[in-house]
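**Student:** predicted model follows, preceded by the sequence.
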Amino acid sequence: MPPDAPWALAGPHHPLARLSADEVTAARRIIVDAGLVNDSTRFPILSLDEPAKAEVLAYSPGSPASAPPRRVYAVLLDTATGAVQRVRVSLTEQKVDSVEPVDTAVEGQPPIMLDDLIAVDEIVKADPGWCAAVARRGLTDLDLVRPCPLSAGSFELPDEDGRRLLRVLSFVQHRKADHPWAHPIDGLVAYVDLIERTVVRLIDEGLAPVPDEEGNFDDPAYVGPPRTGLESIEITQPDGPSFSVADDVIRWQNWSLRVGFDPREGLVLHQVGYQDGDRIRPVVYRASVAEMVVPYADPSPVRFWQNYFDAGEYLLGQQVNSLMLGCDCLGEIHYFDAVLPDSAGAPRTVPNAICLHEEDVGVLWKHTDLFTESAETRRNRRLVISFFATIGNYDYGFYWYLYLDGRIELEVKSTGVLFTSAYVEGSPWASEVAPGLGGPFHQHLFCARLDVMVDGVRNAVDEVDVTRVPSGSGNPYGNAFTRTATRLTDESTGRTAELGRTWRIVNPQRTNRLGQPVSYELRPQAQPTLLADDTSSIARRAGFATRHLWVTGYDAEQRYPAGEFVNQHRGGAGLPSWTAARRPVDGADVVVWHTFGVVHFPRPEDWPIMPVDSCGFTLRPVGFFDRNPTLDVPPSDHC
């Protein structure tokens, strides 16, 4: 696509339109009619098979014939045999295009489904060894025990290759309204085979006391009377919001983009562009959080395996919440529902899954001039596109922000309840957050996949460092500092966010009026990458998380930084494997992958429910515009 061509965002046949309930139903019917479904078949994945970028960019809304075929990608799991198949379906031609078996011992297992989580309760409670271990801890009423099924990882343990496994820690729930996270049954782990429906191994490492104190943050008797003096804040826009929405296309203050939603990634932003004069200038073709991993630090026999890929193993998008006005979103709100497949391949609709609104964010620019005596202030605002997902005990909010000045930000808000343990005095792996209750140390690491398209398809990435200049003949007073830029020429290995380092995504073919290549700058928060040892299982499986930045050549099949089937994969898939090809990325169609996150050493203040902890990054224009693009923002009515 020429850099000044308009984005083809709209149109009833748009290639990136989200799957409708009718399309999900049609895809399932085609698969059933092809004889690929029996009573034990489940659909861990059923999603839009997105066309390649070139096909989408060739689409014209005035020419329906230019739309590529509409396809669906599905993964089928036979829960009786463990057999797995990849299936591609053409909705356009109403037929199955391809069926491919998956070798789960080599490629990994499909994601975990709600059916799996329900099955675990029945499996462990039918196991005599587990029941006896629970009874030794004084727990005889199994209705009060809550087994918590967790992804198994891959540790080269005997007889685990090819099995579909979960590892199970358990908690006690005193009564229906009691949150069980306050009462971990420590020292006991069941390894469960979901296909055989048996406990294949039991780890029983001691009788740690079960913490008794409750932590019911929603119980007025526990919380105490509500504080007073917190007066209401009302957000109103008497003339309505400044954005418009049509056919999932959002337009707001020079920005335009298409909203998508994927069962694995959740919210996806497509074809993000900025109106500059008479043309929409592309910035990002596709943006999503393609993976996240939560590795824990406890090396004990009970917990060494704890690490979760919340996108690849649990399907982040499938865990989306229905948002509530006045609670999750405040102001003039537009909601998008999400249509997702259930494990039977039938459509289910989650109302109010995505929230769209505007926020005032303080001063945009301001100056009181000594010489002209002018005093001008403009207020800033941003467009917020967000969703929340609950993965077991944790809740994650994903907030994409678009600003008036061309900035794009992603903020991830982590909240919810700690995954707890019994606390051993002096433990180097956990904090005591309540009497006898531990909060194990862990990280939350997210990987954003940014299929960038800064003013066109051909981009490059410069690594920009702050450079100190030593005193000398060129710096006699020692005050100088500068910056140095290094072009990343091939994929090679990932990069780390040193102090002050940024990455500039440039278009070498387009310049601003000063002759500088137009660019957007990725500004990281530079928190630690994966802290596990390089030889560890989690470092092999989450290789993407060992670096802050990776740059790859675009490949439509390379969507997930830890590979397609993360669940029980041995490791090495995804970014480390792809970048070994060392494809050129200087002036190429490139994808930027950014790892960011937080290290969580839990505090007493994080119990019994965590205040939000945030992390993220910023993309800001650097020479993309010829001058401040917000000079035309009018004063507010209150100035």
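**Tutor:** Alright, I've got the coordinates. Numbering: from 1, shown residues only.
**Student:** beyond the helix or strand harbouring residue 338, next helix or strand please.
**Tutor:** Residue 338 belongs to strand 334-341 when assigned by DSSP states H and E. Note on strand 334-341: by DSSP H and E, the next helix or strand toward the C-terminus is strand 347-368.
**Student:** where does pLDDT dip in the protein?
**Tutor:** The chain contains residues with pLDDT under 70 at 1-8, 10-12, 639.
**Student:** any chance you could map the helices in it?
**Tutor:** Along the chain, counting by DSSP state H, helices occupy 21-33, 53-57, 104-107, 114-125, 128-136, 220-223, 537-541, 575-579.
**Student:** just send these back as a markdown table, with mean neighbour count and distance to residue 334 too.
**Tutor:** Backbone N, C-alpha and C define where each C-beta goes, glycine included. What follows is the helices of the chain, written out as a markdown table (neighbours: other CB atoms under 10 Å; distance: least, CB to CB, whole Å):
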| stretch | mean neighbour count | distance to residue 334 |
| --- | --- | --- |
| helix 21-33 | 18 | 20 |
| helix 53-57 | 17 | 24 |
| helix 104-107 | 16 | 40 |
| helix 114-125 | 17 | 29 |
| helix 128-136 | 16 | 49 |
| helix 220-223 | 10 | 33 |
| helix 537-541 | 22 | 38 |
| helix 575-579 | 21 | 35 |
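**Student:** can you redo those as TSV with distance to residue 231?
**Tutor:** Below are these laid out as TSV (distance: least, CB to CB, whole Å):
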stretch	distance to residue 231
helix 21-33	43
helix 53-57	49
helix 104-107	57
helix 114-125	42
helix 128-136	50
helix 220-223	20
helix 537-541	47
helix 575-579	49
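**Student:** closest one to residue 162 among these?
**Tutor:** The minimum distance between residue 162 and those falls on helix 104-107, with 3.8 Å, by CB to CB.
**Student:** quick one on the thing from earlier: tabulate the CA atom coordinates of the strand holding residue 338 in PDB.
**Tutor:** The C-alpha coordinates for strand 334-341 follow below in PDB (Å, rounded to 0.1, in the frame of the first residue of the first chain):
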ATOM      1  CA  HIS A 334     -19.800   2.800  24.300                       C
ATOM      2  CA  TYR A 335     -19.600  -0.900  24.900                       C
ATOM      3  CA  PHE A 336     -18.700  -3.700  22.500                       C
ATOM      4  CA  ASP A 337     -20.000  -7.200  23.100                       C
ATOM      5  CA  ALA A 338     -17.700 -10.100  22.500                       C
ATOM      6  CA  VAL A 339     -18.800 -13.300  20.600                       C
ATOM      7  CA  LEU A 340     -16.700 -16.200  21.700                       C
ATOM      8  CA  PRO A 341     -16.900 -20.000  21.200                       C
END
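**Student:** what comes into contact with that strand?
**Tutor:** Strand 334-341 is contacted by residues 18-21, 24, 28, 43, 46-47, 241, 243, 245, 248, 259, 261, 263, 317-318, 320, 323, 329, 347-357 when judged by CB atoms under 8 Å, 6 or more residues apart in numbering.
**Student:** now these: which count as buried?
**Tutor:** With neighbours counted by 16 or more other CB atoms under 10 Å, the contacts of strand 334-341 contain buried members at 18-19, 24, 28, 43, 46-47, 241, 243, 248, 259, 261, 263, 317-318, 320, 323, 329, 347, 350, 352-357.
**Student:** list the residues that contact residue 555.
**Tutor:** Residues in contact with residue 555 (CB under 8 Å, 6+ apart) are residue 578.
**Student:** one more: residue 455?
**Tutor:** Residue 455 is in contact with 3, 281, 282, 507, 510, 518, 624, counting by CB under 8 Å, 6+ apart.
**Student:** quick one: the last one and residue 511 touch, right?
**Tutor:** Okay, so that is residue 624. No - the pair residue 624 / residue 511 is not scored as a contact, 10.8 Å apart, by CB atoms under 8 Å.
**Student:** common neighbours of these two, please.
**Tutor:** residue 518.
**Student:** more crowded one of these two?
**Tutor:** Neighbours were counted for residue 624 and for residue 511 using other CB atoms under 10 Å; residue 624 has more, 25 against 14.
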